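[1] Pasting a predicted model and its sequence here:
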Amino acid sequence: MLRIDALEAAYDQNQVLFGVSLEVRAGEVVALMGRNGMGKTTTVHSVVGLVRPSGGEISFDGHGLRGMAPHRIARLGIGLVPEGRQVFPTLTVRENLIATAANHGRLSKPWTLARVHELFPQLEARAGQLGGTLSGGEQQMLAVGRALMLSPKLLILDEATEGLAPLIREEIWRCLRRLKDLGHSILLIDKNLDELAPIAERAYVMEKGRIVWQGASAELIDNDELRLAYLGV
């Protein structure tokens with residue numbers, strides 16, 4: 001469904017990505033891991049059109065994405081939960097959810113307010129509250145719900161549990177396990193290997209803008225040398 005081949009990207013004259021290649025198949029959950037500053041977010045931003053690659057190719061569901069505007073990429077069926085949540089602070093929770101609602105993925109059972117409320121009951125209880133007044137955990141739930149309201153074919157989550165309290169992190173992981181059970185294609189960027197491994201079938205590890213390891217998540221759990229070298233755990 002998503003294929004990245006030999007991707008390169010730079011900020012001004014500073015190259016950040018060096019030949020990154022990865023893929024996410026239909027119905028698969030894949031993890032992209034690595035320490036901070038290794039190029040994970042730049043990879044994601046290249047996919048959704050927020051960074052213009054300097055080399056390589058990106059294709060999604062048969063469409064080449066290089067040079068395509070972000071709104072056109074979203075309409076192909078990619079939903080992003082960005083790092084830092086970025087909810088609309090002056091819109092209510094309900095308005096955040098319906099602002100960009102669509103069935104871009106042409107799903108037979110698209111996401112609706114009722115389905116998002118079933119996944120996150122807290123959002124129904126806060127429907128009339130401004131997004132900027134929510135707690136950090138509630139804002140993260142709102143960011144996930146907003147991405148789902150696009151009914152995407154592929155959901156990308158960039159550090160979805162970073163900085164959250166343990167109970168809220170578990171709520172997000174519960175949501176992701178539910179989405180996996182529903183057959184969603186997901187690309188997860190996170191550092192929590194113990195939580196990622198049961199959800200993601202495969203994992204890629206990045207170091208200084210390169211993919212330095214790829215394989216089954218279960219293999220990564222058992223590889224203490226790799227975890228110490230690249231993940232710091």
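    Received it, and whenever you're ready, just let me know what you need. Numbering: from 1, shown residues only.
[2] so which strand or helix has Met38?
    Counting by DSSP states H and E, Met38 is held by no secondary-structure element, helix or strand.
[3] Quick check: it touching Gly209?
    Yes. Under the contact definition of CB atoms under 8 Å, Met38 touches Gly209, with a separation of 6.8 Å. C-beta: built from backbone N, CA, C; applies to glycine.
[4] residues contacting His117?
    Remark: with contacts taken as CB atoms under 8 Å, 6 or more residues apart in numbering, His117 is in contact with Leu123, Glu124.
[5] Would you verify that it is located in a helix?
    Yes. Secondary structure of His117, determined by DSSP: H, G, I helix; E, B strand; the rest coil: located in a helix.
[6] Tell me how far it lies from Arg177.
    For His117, the distance to Arg177 (CB to CB, to the nearest Å) stands at 18 Å.
[7] And for stretch 26-38, what's in contact with it?
    Stretch 26-38 is contacted by residues 1, 22-24, 40, 43-44, 153, 176, 180, 183-191, 193, 196, 199-209, 217, 220, 230-232 when judged by CB under 8 Å, 6+ apart.
[8] Out of those residues, list just those in strands.
    Secondary structure defined by DSSP state E assigns 22-24, 185-189, 202-207 of the contacts of stretch 26-38 to strands.
[9] Leaving aside the residues adjacent along the chain, what's closest to Trp173?
    What sits nearest to Trp173 in space, not counting adjacent residues and going by CB to CB, 6 or more residues apart in numbering, is Glu195, at 5.2 Å.
[10] just Glu95 next, same as before
    Leaving out its chain neighbours, the residue that sits closest to Glu95 by CB to CB, 6+ apart is Phe88, at 7.2 Å.
[11] Quick check: His63 vs Ser54, distance?
    Applying CB to CB, the value for His63 to Ser54 is 20 Å.
[12] One more: Val87?
    31 Å.
[13] likewise Leu107?
    Taking CB to CB as the criterion, Leu107 is separated from Ser54 by 34 Å.
[14] Same question for Gln139.
    In terms of CB to CB, Gln139 sits 33 Å off from Ser54.
[15] Between these two, point out the one with more neighbours.
    Between Gln139 and Ser54, counting by other CB atoms under 10 Å, Gln139 is the more crowded of the two (21 against 13).
[16] Neighbours of the residue nearest to Trp173, how many?
    Glu195 is flanked by 19 other residues according to other CB under 10 Å.
[17] ditto for Ala99
    Other residues near Ala99 number 11, with proximity taken as other CB under 10 Å.
[18] In contact with it, which residues are there?
    Under the criterion of CB under 8 Å, 6+ apart, the contact list for Ala99 reads Phe88, Leu91, Arg146.
[19] How far off centre is the helix or strand encompassing the last one?
    In this assignment (DSSP H and E), Arg146 forms part of helix 136-148. On the basis of CA atoms, centre = their mean, to the nearest Å, the separation between the geometric centre of helix 136-148 and that of its chain is 12 Å.
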